[in-house]
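**Student:** Okay, structure incoming, though there's no sequence with it:
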(Lines give C-alpha, C1' and ligand atoms only; values in the text may rest on other atoms or scores of the structure.)
Protein backbone atom coordinates (compact mmCIF):
# COMPACT_ATOMS: atom_id res chain seq x y z
CA UNK A 1 0.00 0.00 0.00
CA UNK A 2 1.42 3.37 -1.02
CA UNK A 3 1.41 6.50 1.08
CA UNK A 4 -1.16 8.13 -1.23
CA UNK A 5 -3.46 5.09 -0.80
CA UNK A 6 -3.06 5.32 2.95
CA UNK A 7 -3.79 9.07 2.96
CA UNK A 8 -6.79 8.56 0.69
CA UNK A 9 -8.14 5.90 3.06
CA UNK A 10 -7.41 8.02 6.13
CA UNK A 11 -9.26 10.97 4.57
CA UNK A 12 -12.47 8.92 4.75
CA UNK A 13 -12.11 8.20 8.48
CA UNK A 14 -15.03 9.72 10.35
CA UNK A 15 -12.86 11.64 12.83
CA UNK A 16 -10.83 13.33 10.09
CA UNK A 17 -13.99 14.24 8.17
CA UNK A 18 -15.43 15.84 11.28
CA UNK A 19 -12.27 17.88 11.87
CA UNK A 20 -11.93 18.89 8.22
CA UNK A 21 -15.57 19.95 7.75
CA UNK A 22 -16.17 21.30 11.27
CA UNK A 23 -19.01 18.87 11.89
CA UNK A 24 -20.24 17.74 15.30
CA UNK A 25 -20.04 13.99 14.67
CA UNK A 26 -23.73 13.21 14.95
CA UNK A 27 -24.57 12.93 11.24
CA UNK A 28 -23.54 10.82 8.27
CA UNK A 29 -19.94 11.99 8.64
CA UNK A 30 -19.73 9.84 11.78
CA UNK A 31 -20.29 6.68 9.76
CA UNK A 32 -17.48 4.52 8.53
CA UNK A 33 -17.54 2.90 5.09
CA UNK A 34 -18.49 -0.37 6.76
CA UNK A 35 -21.46 1.27 8.50
CA UNK A 36 -22.62 2.93 5.27
CA UNK A 37 -22.72 -0.46 3.57
CA UNK A 38 -24.84 -2.09 6.28
CA UNK A 39 -28.42 -3.07 5.51
CA UNK A 40 -31.20 -5.10 7.03
CA UNK A 41 -30.39 -8.76 7.52
CA UNK A 42 -33.26 -9.67 5.22
CA UNK A 43 -32.93 -7.72 1.98
CA UNK A 44 -36.12 -7.91 -0.07
CA UNK A 45 -34.27 -7.05 -3.25
CA UNK A 46 -32.39 -10.35 -2.83
CA UNK A 47 -35.30 -12.32 -1.37
CA UNK A 48 -38.52 -11.09 -3.04
CA UNK A 49 -40.55 -14.03 -1.67
CA UNK A 50 -40.14 -12.65 1.85
CA UNK A 51 -42.88 -10.14 2.65
CA UNK A 52 -42.71 -7.45 5.32
CA UNK A 53 -45.41 -6.00 7.55
CA UNK A 54 -45.06 -2.98 9.79
CA UNK A 55 -45.93 -3.61 13.41
CA UNK A 56 -45.36 -2.27 16.90
CA UNK A 57 -43.41 -3.97 19.68
CA UNK A 58 -45.80 -5.65 22.14
CA UNK A 59 -43.72 -5.18 25.27
CA UNK A 60 -44.28 -1.71 26.66
CA UNK A 61 -46.12 1.51 26.00
CA UNK A 62 -43.27 3.22 24.10
CA UNK A 63 -44.54 1.87 20.77
CA UNK A 64 -41.28 1.10 18.95
CA UNK A 65 -41.80 0.26 15.29
CA UNK A 66 -40.99 -3.23 14.05
CA UNK A 67 -40.69 -4.85 10.65
CA UNK A 68 -42.10 -8.37 10.69
CA UNK A 69 -40.69 -10.46 7.85
CA UNK A 70 -42.80 -13.45 6.86
CA UNK A 71 -42.68 -16.13 4.22
CA UNK A 72 -45.30 -18.84 3.57
CA UNK A 73 -47.39 -17.61 6.53
CA UNK A 74 -44.47 -18.01 8.96
CA UNK A 75 -42.51 -15.28 10.70
CA UNK A 76 -38.85 -15.46 9.67
CA UNK A 77 -37.50 -12.35 11.39
CA UNK A 78 -38.48 -9.26 13.37
CA UNK A 79 -36.32 -6.15 13.27
CA UNK A 80 -36.55 -2.49 14.21
CA UNK A 81 -38.31 -0.19 11.73
CA UNK A 82 -35.93 2.58 10.63
CA UNK A 83 -38.93 4.66 9.45
CA UNK A 84 -40.47 4.71 12.94
CA UNK A 85 -40.42 8.26 14.36
CA UNK A 86 -40.33 6.77 17.87
CA UNK A 87 -37.50 4.26 17.73
CA UNK A 88 -35.81 4.96 14.37
CA UNK A 89 -34.97 1.29 13.90
CA UNK A 90 -33.75 0.64 17.46
CA UNK A 91 -35.20 -1.98 19.78
CA UNK A 92 -34.45 -2.72 23.41
CA UNK A 93 -33.29 -6.27 24.30
CA UNK A 94 -36.87 -7.40 24.92
CA UNK A 95 -38.12 -5.90 21.67
CA UNK A 96 -35.21 -7.45 19.78
CA UNK A 97 -36.28 -10.83 21.17
CA UNK A 98 -39.87 -10.50 19.83
CA UNK A 99 -39.12 -13.15 17.22
CA UNK A 100 -38.53 -15.67 20.01
CA UNK A 101 -41.78 -14.63 21.69
CA UNK A 102 -43.70 -15.51 18.53
CA UNK A 103 -41.84 -18.61 17.36
CA UNK A 104 -40.71 -20.37 20.57
CA UNK A 105 -41.93 -23.98 20.15
CA UNK A 106 -42.75 -24.44 23.86
CA UNK A 107 -44.92 -21.31 23.97
CA UNK A 108 -48.26 -22.01 25.64
CA UNK A 109 -51.05 -21.12 23.21
CA UNK A 110 -54.04 -22.58 25.07
CA UNK A 111 -55.72 -21.65 28.33
CA UNK A 112 -54.45 -24.03 31.00
CA UNK A 113 -56.43 -24.71 34.18
CA UNK A 114 -55.69 -26.74 37.26
CA UNK A 115 -58.74 -27.29 39.43
CA UNK A 116 -58.37 -27.09 43.22
CA UNK A 117 -56.56 -30.19 44.56
CA UNK A 118 -56.01 -31.51 41.02
CA UNK A 119 -52.61 -32.89 40.07
CA UNK A 120 -52.98 -32.33 36.32
CA UNK A 121 -53.54 -29.30 34.12
CA UNK A 122 -56.39 -29.31 31.63
CA UNK A 123 -57.17 -27.18 28.56
CA UNK A 124 -60.09 -24.78 28.61
CA UNK A 125 -61.64 -22.81 25.81
CA UNK A 126 -61.15 -19.06 26.13
CA UNK A 127 -64.82 -18.18 26.72
CA UNK A 128 -65.13 -20.64 29.61
CA UNK A 129 -61.95 -19.28 31.20
CA UNK A 130 -63.12 -15.67 30.87
CA UNK A 131 -66.51 -16.55 32.40
CA UNK A 132 -64.76 -18.29 35.32
CA UNK A 133 -62.57 -15.23 35.95
CA UNK A 134 -65.52 -12.82 35.75
CA UNK A 135 -67.58 -14.95 38.15
CA UNK A 136 -64.74 -15.11 40.68
CA UNK A 137 -64.03 -11.38 40.53
CA UNK A 138 -67.73 -10.60 40.98
CA UNK A 139 -68.05 -13.02 43.92
CA UNK A 140 -64.96 -11.53 45.58
CA UNK A 141 -66.37 -8.04 45.02
CA UNK A 142 -69.63 -9.02 46.74
CA UNK A 143 -67.82 -10.60 49.70
CA UNK A 144 -65.33 -7.78 50.20
CA UNK A 145 -67.42 -4.70 49.40
CA UNK A 146 -66.76 -1.76 51.72
CA UNK A 147 -69.53 0.82 51.59
CA UNK A 148 -68.23 3.25 54.25
CA UNK A 149 -64.91 3.74 56.01
CA UNK A 150 -64.52 3.67 59.82
CA UNK A 151 -65.57 7.34 60.04
CA UNK A 152 -68.76 6.75 58.06
CA UNK A 153 -67.53 8.34 54.84
CA UNK A 154 -68.69 6.55 51.68
CA UNK A 155 -65.80 4.79 49.91
CA UNK A 156 -67.60 2.15 47.79
CA UNK A 157 -64.67 -0.11 46.97
CA UNK A 158 -63.20 -3.52 47.71
CA UNK A 159 -59.68 -4.48 48.72
CA UNK A 160 -59.65 -8.28 48.58
CA UNK A 161 -58.66 -8.55 44.91
CA UNK A 162 -55.71 -6.98 43.12
CA UNK A 163 -54.95 -6.60 39.44
CA UNK A 164 -51.39 -6.70 38.16
CA UNK A 165 -50.95 -5.72 34.51
CA UNK A 166 -48.10 -6.92 32.35
CA UNK A 167 -45.46 -5.08 30.35
CA UNK A 168 -46.88 -6.37 27.06
CA UNK A 169 -49.95 -4.17 27.47
CA UNK A 170 -50.00 -0.86 25.63
CA UNK A 171 -51.23 2.51 26.94
CA UNK A 172 -54.75 2.02 25.61
CA UNK A 173 -55.15 -1.40 27.25
CA UNK A 174 -53.79 -0.12 30.56
CA UNK A 175 -56.14 2.88 30.43
CA UNK A 176 -59.18 0.64 29.86
CA UNK A 177 -58.09 -1.79 32.60
CA UNK A 178 -57.65 1.07 35.08
CA UNK A 179 -61.08 2.49 34.22
CA UNK A 180 -62.81 -0.90 34.37
CA UNK A 181 -61.33 -2.03 37.67
CA UNK A 182 -61.35 1.27 39.57
CA UNK A 183 -64.33 3.23 38.22
CA UNK A 184 -66.37 0.25 37.03
CA UNK A 185 -65.80 -2.30 39.79
CA UNK A 186 -64.40 -0.27 42.67
CA UNK A 187 -61.13 -2.18 42.96
CA UNK A 188 -58.41 -0.34 44.86
CA UNK A 189 -55.31 -2.47 44.20
CA UNK A 190 -54.51 -1.92 40.51
CA UNK A 191 -50.89 -1.81 39.43
CA UNK A 192 -48.53 -2.80 36.62
CA UNK A 193 -45.60 -5.18 36.52
CA UNK A 194 -43.39 -2.42 35.08
CA UNK A 195 -43.72 -0.45 38.34
CA UNK A 196 -42.50 -3.27 40.58
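**Tutor:** That came through fine. This is a predicted model, so every value here is computed, not measured.

**Student:** Sketch out the low-pLDDT regions of this structure for me.
**Tutor:** Within the chain, the ranges that satisfy pLDDT under 70 run 1, 6-7, 10-12, 14-15, 21-31, 40-41, 43-46, 61, 167-168, 196.

**Student:** can I see the domain layout of it?
**Tutor:** Following automatic domain parsing, one gets these domains for the chain: 1-38, 40-107, 125-195.

**Student:** For residue 47, see how far away residue 68 is.
**Tutor:** 15 Å (CB to CB, to the nearest Å). Backbone N, C-alpha and C define where each C-beta goes, glycine included.

**Student:** returning to that earlier point: kindly reformat the domains of the chain as TSV and extend each row with mean neighbour count and distance to residue 117.
**Tutor:** Below are the domains of the chain laid out as TSV (neighbours: other CB atoms under 10 Å; distance: least, CB to CB, whole Å):
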stretch	mean neighbour count	distance to residue 117
domain 1-38	10	58
domain 40-107	14	27
domain 125-195	13	16
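
**Student:** Which among those is found nearest to residue 113?
**Tutor:** Nearest to residue 113 among the domains of the chain is domain 125-195; the distance by CB to CB comes to 6.8 Å.

**Student:** Quick check: end-to-end length of the closest one?
**Tutor:** 31 Å (CA to CA, to the nearest Å).

**Student:** Off-centre distance for it?
**Tutor:** Distance of domain 125-195 from its chain centroid, counting by CA atoms, centre = their mean, to the nearest Å, is 23 Å.

**Student:** Can you show me the helices along the chain?
**Tutor:** 3-11, 14-21, 33-36, 93-96, 98-103, 126-144, 171-178 (DSSP state H).

**Student:** thinking again about what came up before, of the domains of the chain, which is nearest residue 115?
**Tutor:** Proximity to residue 115 (CB to CB) singles out domain 125-195 among the domains of the chain, at 10.5 Å.

**Student:** circling back: want to throw the helices of the chain into JSON lines with distance to residue 157?
**Tutor:** Output for these, formatted as JSON lines (distance: least, CB to CB, whole Å):
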{"stretch": "helix 3-11", "distance to residue 157": "71"}
{"stretch": "helix 14-21", "distance to residue 157": "60"}
{"stretch": "helix 33-36", "distance to residue 157": "56"}
{"stretch": "helix 93-96", "distance to residue 157": "34"}
{"stretch": "helix 98-103", "distance to residue 157": "35"}
{"stretch": "helix 126-144", "distance to residue 157": "9"}
{"stretch": "helix 171-178", "distance to residue 157": "14"}
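
**Student:** among the ones you listed, which is nearest residue 51?
**Tutor:** Proximity to residue 51 (CB to CB) singles out helix 98-103 among the helices of the chain, at 15.4 Å.
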